[in-house]
Every structure is written in C-alpha cells, then in structure tokens.
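> Please work out how this folds:
(one chain, ligands or ions: 1)
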Amino acid sequence: MLYCPYCRMLFDGDTCPDCSSLGRTPAPGDFCLLTQQPGMFARMLLDVLEQNGIEAVSQATQGATGIFSNMNMEIYRIYVPLEHLQQAGELRDELFSPDSAVGDDRAEAEEEET
Ligand SMILES: [Zn+2]
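Residues are numbered from 1 along each chain as shown. I've put the predicted structure just below:
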C-alpha cells in the first residue's frame, strides 16, 4: 500500500491510478481521501467525525463527475489522517447506510438470536 501526496489517497500497485506518480510509504498524519459527498451530506459526515474526535478537512470540487454531473450542487471531498482512516470509514458507512436511521436496537436483537 502506497500513498499519493498529490491525490491524497492510498493505492495498491506501483503508481497512483489517478496521476501515475510513484507515491511513497504512508505515514501518520497523511490526509487520505475518505469520500466525496454533496454539500449537505459532507457537512453531516464532518459533524460526526468531529464528534468522534477525528480531524477532517474538506475541499469543494468543481466540475463534478459521474452520478453527480447532472446535479447543480457542490461536491466535497473529505480527507482524514491516515491513522483515523479506518474508523472514519466505519463512521461513514454507518452514517450513509440505509439501515442506520432507526437506531441500534435492531442490531442488538440480531446478536441475541445467534
Ligand atoms: Zn495521485
């Protein structure tokens, strides 16, 4: 696993898939791309990260691509330090999972059944 300081993301292989730079060994404090979200969701996620003590930075992007390209909204890239990337990923999945809105009761019930 290498780190591209230009794209601020981790990648497998010899060169960055985005910019073809050679990258370097990731180090603590390296900001890594966590996700790209429209403004409203980006703010929600930044709030959750802050509540969990994770320092995050966001960057508005111009010229959104993919599924966002037809929407008139700003897309934010959210970066977190390498040492928090895994925890931040779990928080992101929790926040944006369709099942997470109701609360944790269901998950606890499932554990009892097994
Ligand atoms: Zn790159």
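
> Which of the three states applies to the residue nearest to the spatial centre of the chain?
When Cα atoms, centre = their mean is applied to the chain, the residue found nearest the centroid is Leu34 (2.1 Å). Of the three states, Leu34 takes strand according to DSSP: H, G, I helix; E, B strand; the rest coil.

> Equivalent analysis for Tyr3, please.
Judged by three-state DSSP, the three-state class of Tyr3 is strand.

> Make sure it is actually in contact with Asp12.
No. Counting by Cβ atoms under 8 Å, Tyr3 does not reach Asp12; the two are 11.4 Å apart. For the C-beta atoms, the positions are set from N, CA and C on the backbone; glycine is no exception.

> More neighbours: the two, which one.
Neighbours were tallied for Tyr3 and for Asp12 using other Cβ atoms under 10 Å; the higher tally belongs to Tyr3 (19 against 7).

> beta partners of that one?
Leu10, Arg24 (DSSP bridges).

> wait, what's in contact with it?
9-11, 23-27, 30, 32, 82 (Cβ atoms under 8 Å, 6 or more residues apart in numbering).

> who wins for most neighbours among those?
Within the contacts of Tyr3, most neighbours by other Cβ under 10 Å means Met9, with 23 neighbours.

> ok, which pair from the contacts of Tyr3 is furthest apart?
Across the contacts of Tyr3, the longest distance by Cβ to Cβ is 15.1 Å; it joins Phe11 and Ala27.

> ok, the nearest residue to Asp18 once chain neighbours are set aside to Gln37 distance?
Closest residue to Asp18 apart from its sequence neighbours, by Cβ to Cβ, 6 or more residues apart in numbering: Cys7 at 4.7 Å. Here the criterion is Cβ to Cβ, to the nearest Å. By it, Cys7 lies 17 Å from Gln37.
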